[in-house]
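Enquirer: Sharing a sequence plus its predicted fold:
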Amino acid sequence: MSKRPVIAVAGLACETSTFSPAVTLAPAFHPKRGDEIVERYEFLHANQPLGQEVEWKGALIGHALPGGIVTREAFETLSQEIVDRLQDIVAKDAVDGLWFDIHGAMCVQELDDVEAELLRRVRAVIGPDVIVSASMDLHGNVSRELAHQCDLITCYRMAPHEDAMDTKERACRNLVNILKGREPGKRPLKAWIPVPILLPGEQTSTRIEPAKHIYAAVPEVEAEEGVLDAAIWVGYAWADEPRNRAAVVVTGWDEKAVSQGAEKLARLFWDARADFRFVAPTGSFAECLDAAVKSSPAERPYFISDSGDNPTAGGAGDVTWGLTRLLERPEFKAPDSGFTVIYASVPGPRAIDTAVAAGVGATVTVTAGADVDDIHAPPLTMTGRVHSIKHGDRDAVTEVVLQVGSVYAILTKLRKPYHKEKDFTDLNLAPRAVDIVIVKIGYLEPELYDMAKGWMLGLTPGGVDQNLKRLGHHRIRRPMWPFDEDFEKMPELKTVWINKSTEPLTGPDI
């Protein structure tokens, strides 16, 4: 019986806004090591096909909640541990492949294109001949160097990312198939096409056109004879690096099919550039609140996205601007005002301590927010009744609901995204029964989307402001849509063949 291939697993993932004053430290990555990695992914378990065909060796993976730039110290600490653990694996086994488990929009102090830098360090350990397959978020960035260091590279095909696990499994399946079936020394062809478009995810959701039909074409290209995988990256709009832009990569064995598929997808994206719209009706925060107040019972719960401080896009999460504006509204001043409103959320460690000490039912005056991002609003002081307390959340650690007038404001020790109904019901809140739910989010995640009867996207300030032009990008490549709408020369959108991973990268970085 032939020996099963050995595949190592490593990677760091954090979507980071360079426009947020927050920083991300090493503990935020919640690193998993060794067998913990295999345990994390069910499709790698011993009772699954991939688990039976391959011996999986976990090095280290870390997935941080999106946030501010990663400190150099954090990156160096975690990347060195990845290198050390891979050295231990290589010393015991001949490694055939590597699954590079990343997001693709991580920014590190004093470094650019950090996923490519991490993979360079990994390659120095595993060697140039090991086949590397990367899985990414479609909001990641694919530089020419990252494509060069990989043999296979793929990303999500849905936004919201309901296919995240499917994508990771596909990356592993493609890798295993190559290890089992390729001719010795043969590596897939890689067609890479950068597309000079940089848009927020809220304008490129695959729920709506034009992203819907653009991404529908991806599996069609993948189905062509001689194509292994096809992928389109929207890119990450809230970081300011030269690599940040849309991109297409198609991999396979047939040069004509791979090239034609890549160019088809790139043209589809470019030709639709002026058609992208926000995924929901938009307005200022005041306009959103006005619409919610005027909504009919059939439109409730009415959801409002406080999008500028979305912690799952990289916002600091502690901007108080939205909650301050909400509590100023006369409609919500009294507990019996006729409206019930949930607001999620604002971190306030000291506020949490005060509320916990006082207990449920107590009336407290607390100050929360703006410990990290005080650019847009100062800390907020409010007086209210402690409605509920919950300990032990993975992200928030401790949560408190404070009733101020008819507003139920969720305060947290550390920032947390609120994406699921259980996030609310665990706090003795009933989001389906209230009038208005305001969440720091962009497009609504599936459970919230299904719950909402009405919805507006608030164009609010923060580190992930939807108005990209007022953020101040100065390092992205120009021209870039929509920063530039008049192109003197249209992009060619022709296949750029990426050298084999065993060869030095040559030619200009386009």
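Expert: Received the coordinates, thanks.

Enquirer: Strands of the stretch 251-400 of the chain, residue ranges please.
Expert: 282-283, 302-306, 341-347, 363-368, 380-393, 397-404 (DSSP state E, counting those that start in this stretch).

Enquirer: Give me the below-cutoff pLDDT ranges for the protein.
Expert: Applying pLDDT under 70 to the chain flags residues 1-2, 182, 500-502, 508.

Enquirer: Let me see the domain layout of it.
Expert: Per the record, the chain has its domains at 6-277+493-497, 282-465, by automatic domain parsing.

Enquirer: Turn those domains into JSON lines, including distance to residue 481 and mean neighbour count.
Expert: Just so you know, the C-beta spots here come from the backbone N, C-alpha and C atoms, and that holds for glycine as well. Converted to JSON lines, the domains of the chain look like this (distance: least, C-beta to C-beta, whole Å; neighbours: other C-beta atoms under 10 Å):
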{"stretch": "domain 6-277+493-497", "distance to residue 481": "5", "mean neighbour count": "20"}
{"stretch": "domain 282-465", "distance to residue 481": "18", "mean neighbour count": "20"}
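
Enquirer: Of these, which is nearest residue 483?
Expert: Residue 483 lies closest to domain 6-277+493-497 among the domains of the chain, at 7.3 Å (C-beta to C-beta).

Enquirer: Let me see the contact set for residue 102.
Expert: Going by C-beta atoms under 8 Å, 6 or more residues apart in numbering, residue 102 touches 11-13, 115, 118, 134-136, 140.

Enquirer: Quick check: chain neighbours aside, which residue is closest to it?
Expert: Of all residues not flanking residue 102 in the chain, residue 11 sits nearest, at 4.5 Å (C-beta to C-beta, 6 or more residues apart in numbering).

Enquirer: From residue 115, how far out is the one you found?
Expert: Residue 11 is 8 Å from residue 115, where distance means C-beta to C-beta, to the nearest Å.

Enquirer: Now the common contact residues for those two.
Expert: Common contact partners of residue 11 and residue 115 (C-beta under 8 Å, 6+ apart): 100, 102, 134.

Enquirer: Just the closest of these to residue 227, please.
Expert: Nearest to residue 227 among the shared contacts of residue 11 and residue 115: residue 134, at 17.4 Å, using C-beta to C-beta.

Enquirer: residues touching the closest residue in space to residue 493 that isn't next to it in sequence, list them.
Expert: Here the nearest residue to residue 493 in space, its sequence neighbours aside, is residue 266; by C-beta to C-beta, 6+ apart that works out to 4.3 Å. Each residue near residue 266 by C-beta under 8 Å, 6+ apart is listed here: 193, 195, 248, 493.

Enquirer: Repeat that for residue 59.
Expert: So, once contact is read as C-beta under 8 Å, 6+ apart, residue 59 ends up touching 8-10, 33-34, 37, 82, 85-86, 89.

Enquirer: Now, the residues you listed that are in strands?
Expert: The members of the contacts of residue 59 that map onto strands under DSSP state E are 8-10, 33.

Enquirer: any idea which helix or strand carries residue 166?
Expert: Using DSSP states H and E, residue 166 sits within helix 164-181.

Enquirer: scratch that, residue 145 is what I was asking about
Expert: helix 144-149.

Enquirer: Give me the helices and strands touching that helix, please.
Expert: In terms of contacts (3 or more C-beta pairs under 8 Å, 6 or more residues apart in numbering; DSSP states H and E), helix 144-149 is packed against helix 114-126, strand 189-195.

Enquirer: now with 10 Å?
Expert: Contacts defined by 3 or more C-beta pairs under 10 Å, 6 or more residues apart in numbering; DSSP states H and E place helix 144-149 against helix 114-126, strand 131-136, strand 189-195, strand 246-252.

Enquirer: how about the CA coordinates for the next helix or strand after that helix, as PDB?
Expert: Downstream of helix 144-149, the next assigned helix or strand under DSSP H and E is strand 152-155. Listed next in PDB are the C-alpha coordinates belonging to strand 152-155 (Å, rounded to 0.1, in the frame of the first residue of the first chain):
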ATOM      1  CA  LEU A 152      -3.500  26.800  -6.700                       C
ATOM      2  CA  ILE A 153      -5.500  29.800  -5.400                       C
ATOM      3  CA  THR A 154      -9.200  30.100  -5.000                       C
ATOM      4  CA  CYS A 155     -11.800  32.300  -3.100                       C
END
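
Enquirer: Neighbouring strands - and their directions - for strand 152-155?
Expert: Applying DSSP bridges to the sheet, strand 152-155 is found paired with strand 131-136 (parallel).

Enquirer: what ranges do the helices span in the stretch 301-450 of the chain?
Expert: With helices called from DSSP state H, counting those that start in this stretch, the stretch 301-450 of the chain shows them at 321-328, 349-358, 421-425, 446-451.

Enquirer: Adding distance to residue 225, write those out as a markdown table.
Expert: A markdown table is the format used below for the helices of the stretch 301-450 of the chain (distance: least, C-beta to C-beta, whole Å):
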| stretch | distance to residue 225 |
| --- | --- |
| helix 321-328 | 52 |
| helix 349-358 | 58 |
| helix 421-425 | 45 |
| helix 446-451 | 35 |
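
Enquirer: out of those, nearest to residue 378?
Expert: Taking the helices of the stretch 301-450 of the chain one by one with C-beta to C-beta, helix 321-328 is closest: 8.6 Å.

Enquirer: what about the closest one, distance to the chain center?
Expert: In terms of C-alpha atoms, centre = their mean, to the nearest Å, the centre of helix 321-328 is found 27 Å from the chain centre.

Enquirer: okay, the angle between it and strand 363-368?
Expert: Helix 321-328 and strand 363-368 are oriented at 150 degrees to each other (axes from the mean of the first three to the mean of the last three C-alpha atoms, to 10 degrees).

Enquirer: Distance-wise, check the residue nearest the centre of the chain relative to residue 419.
Expert: For the chain, residue 15 is the residue whose C-alpha lies nearest the centre (C-alpha atoms, centre = their mean; 5.3 Å). Computed as C-beta to C-beta, the residue 15 to residue 419 distance reads 15 Å.

Enquirer: so which of the strands of the stretch 251-400 of the chain gets nearest residue 163?
Expert: Among these, strand 302-306 comes nearest to residue 163, with 22.0 Å by C-beta to C-beta.

Enquirer: by contact count, what packs against that closest one?
Expert: For strand 302-306, the packing partners by 3+ C-beta pairs under 10 Å, 6+ apart come out as helix 285-294, helix 321-328, strand 341-347, strand 436-439, helix 446-451, strand 454-458.

Enquirer: Would you format the domains of the chain as CSV with distance to residue 478 included?
Expert: As requested, those are exported to CSV (distance: least, C-beta to C-beta, whole Å):
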stretch, distance to residue 478
domain 6-277+493-497, 8
domain 282-465, 20
